[in-house]
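> Sequence and predicted structure are below.
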Amino acid sequence: MGLAQRFLRGSVLNLCDQGLRFVAVFIMAPIMIGILGKPDYGFWILLMSIVGQYALLDFGLSFSISRFFAGAIGKGDDEELSILISTSFAILLKIGIGALMITVVGVVIVPLFGMSEE
């Protein structure tokens, strides 16, 4: 399979994936509103939006890590694999601690805005 064919196939599969996600959200939204009610559904959407923003903290590292892991495994280089594991763990741990700190600060700050339940 040539590069153009693989690119076209990947693009079509990506469009199918996005389309299925759109259809799933379009179908599930009324169901979730019926189960949770409008205020709780709004809170659910807000919460999922915030959690979705944490995915940006990955900075594309998971794809890079996977690529380098595959290369090290393919070469059979155990030392490189060990270095990759420890370095990846250290970087992702620091990102996780930063995300936790952001969350804790958010939990402390949000009540200060005086939002009332209605």
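Sure, I can see it.
> CA only for contacts and neighbour counts going forward, please
Noted.
> Could you count how many residues lie near Met101?
12 (other CA atoms under 10 Å).
> Going forward, count from 45.
Fine by me, first position is 45 from now on; the one you just mentioned is Met145.
> any idea which element it lies in?
helix 122-153 (DSSP states H and E).
> Now that helix: buried residues?
Leu125, Leu128, Ser132, Ile139 (16 or more other CA atoms under 10 Å).
> Give me the three-state assignment for the nearest residue to the first one once chain neighbours are set aside.
Closest residue in space to Leu125, ignoring its immediate chain neighbours: Ala116 at 5.6 Å, by CA to CA, 6 or more residues apart in numbering. Reduced to three states with DSSP: H, G, I helix; E, B strand; the rest coil, the structure at Ala116 is helix.
> Glu124 is in contact with Ala116, correct?
Yes: taking contacts as CA atoms under 8 Å, Ala116 lies within contact range of Glu124: 6.2 Å.
> What's the local residue count around Asp61?
By other CA under 10 Å, the residues close to Asp61 number 11.
> With Gly115 instead?
Per other CA under 10 Å, the neighbour tally for Gly115 reads 14.
> circling back to that earlier point, residue contacts, the residue nearest to Leu125?
Applying CA atoms under 8 Å, 6 or more residues apart in numbering, we find Ala116 in contact with Asp122, Glu124, Leu125.
> any chance of these in TSV, plus distance to Gly81 and pLDDT?
As requested, the contacts of Ala116 are exported to TSV (distance: CA to CA, whole Å; pLDDT from 0 to 100):
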residue	distance to Gly81	pLDDT
Asp122	54	90
Glu124	52	92
Leu125	49	91
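> Relative to Arg50, which of these is nearest.
Leu125 (29.0 Å; CA to CA).
> Go ahead and confirm the closest one touches Lys119.
No: with contact defined as CA under 8 Å, Leu125 does not count as touching Lys119 (9.8 Å).
> Quick check: Ser130 vs Asp121, distance?
15 Å (CA to CA, to the nearest Å).
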